[in-house]
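A.B. asks: Please find the sequence and the predicted model below.
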Amino acid sequence: MIEENKKAPQFTLPDQTGKKISLKDFKGKKVVLYFYPKDNTPGCTKEACDFRDSIEDFKKIKAVVLGVSPDSIESHKKFAEKYDLPFPLLSDPEKKVLNKYGVWKEKSMYGRKYMGVERTTVVIDENGKIMKIFPKVKVKGHVDQVKKILEGNE
């Protein structure tokens, strides 16, 4: 299980263009790693667009945004193009990183149990240490919470 003030687990995953992206690529920058269940669903679209609309704020504080879901590269490509998303969406169909970060969990909807991504954001500092974990994210207002942590106002 991941914990605040501990090293973030390393990973390498392909983004929506097929390019391999690793956590270590961002040494010296803060990383907002947000895990979401599925491309083109209402909550996930809102969350992605909220991050998109605040991307300049993140750049000012030298932070990069990375989205991660089990969707395919092709699905991510369409999603990123449709909503003009200016950050990498990482594809984890084998759920290796989702499991490493502990966000692939049993969920329940209408009494039915199934495995899925628990919407979670992990904020990682310039040295690869976890600054903050936001489990079970509620999309509304979430991006502002993340910015406050990054700006040191929390």
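C.D. replies: Now that the structure is in, tell me what you want to look at.

A.B. asks: Quick one: list the elements packing against the least confident helix or strand in the chain by mean pLDDT.
C.D. replies: Within the chain, no helix or strand scores below strand 104-109, which has a mean of 90 by mean pLDDT, DSSP states H and E. With contacts taken as 3 or more CB pairs under 8 Å, 6 or more residues apart in numbering; DSSP states H and E, strand 104-109 sits against strand 112-117. Heads up, the C-betas are built off the backbone N, CA and C, glycines and all.

A.B. asks: who does the helix or strand following the strand it packs on pair up with?
C.D. replies: Later in the chain than strand 112-117, the nearest helix or strand by DSSP states H and E is strand 120-124. Strand 120-124 has its sheet partners listed here by DSSP bridges as strand 30-35 (antiparallel), strand 130-134 (antiparallel).

A.B. asks: what's the distance between the longest one and the middle of its chain?
C.D. replies: Centroid separation for strand 30-35 versus its chain: 5 Å, with CA atoms, centre = their mean, to the nearest Å.

A.B. asks: Next: the last one.
C.D. replies: Distance, stretch centre to chain centre, for strand 130-134: 12 Å (CA atoms, centre = their mean).

A.B. asks: rewinding a little: among the strands paired with strand 120-124, which is nearest V146?
C.D. replies: strand 30-35 (5.7 Å; CB to CB).

A.B. asks: Need the phi and psi values for the closest residue to D15 other than its chain neighbours.
C.D. replies: Nearest non-adjacent residue to D15, counting by CB to CB, 6 or more residues apart in numbering: P88, 3.9 Å away. The phi/psi pair for P88 (degrees, to the nearest 10) reads phi -70, psi 140.

A.B. asks: still on that earlier bit, could you redo the strands paired with strand 120-124 as a markdown table and give each row distance to S22, mean neighbour count and mean pLDDT?
C.D. replies: Formatted as a markdown table, the strands paired with strand 120-124 follow (distance: least, CB to CB, whole Å; neighbours: other CB atoms under 10 Å; pLDDT from 0 to 100):
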| stretch | distance to S22 | mean neighbour count | mean pLDDT |
| --- | --- | --- | --- |
| strand 30-35 | 11 | 24 | 98 |
| strand 130-134 | 17 | 18 | 96 |
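
A.B. asks: distance of the residue of the chain most remote from its centre from Y34?
C.D. replies: Taking CA atoms, centre = their mean, the residue of the chain most remote from its mean C-alpha position is G111, at 27.3 Å. Going from G111 to Y34 by CB to CB, to the nearest Å gives 28 Å.
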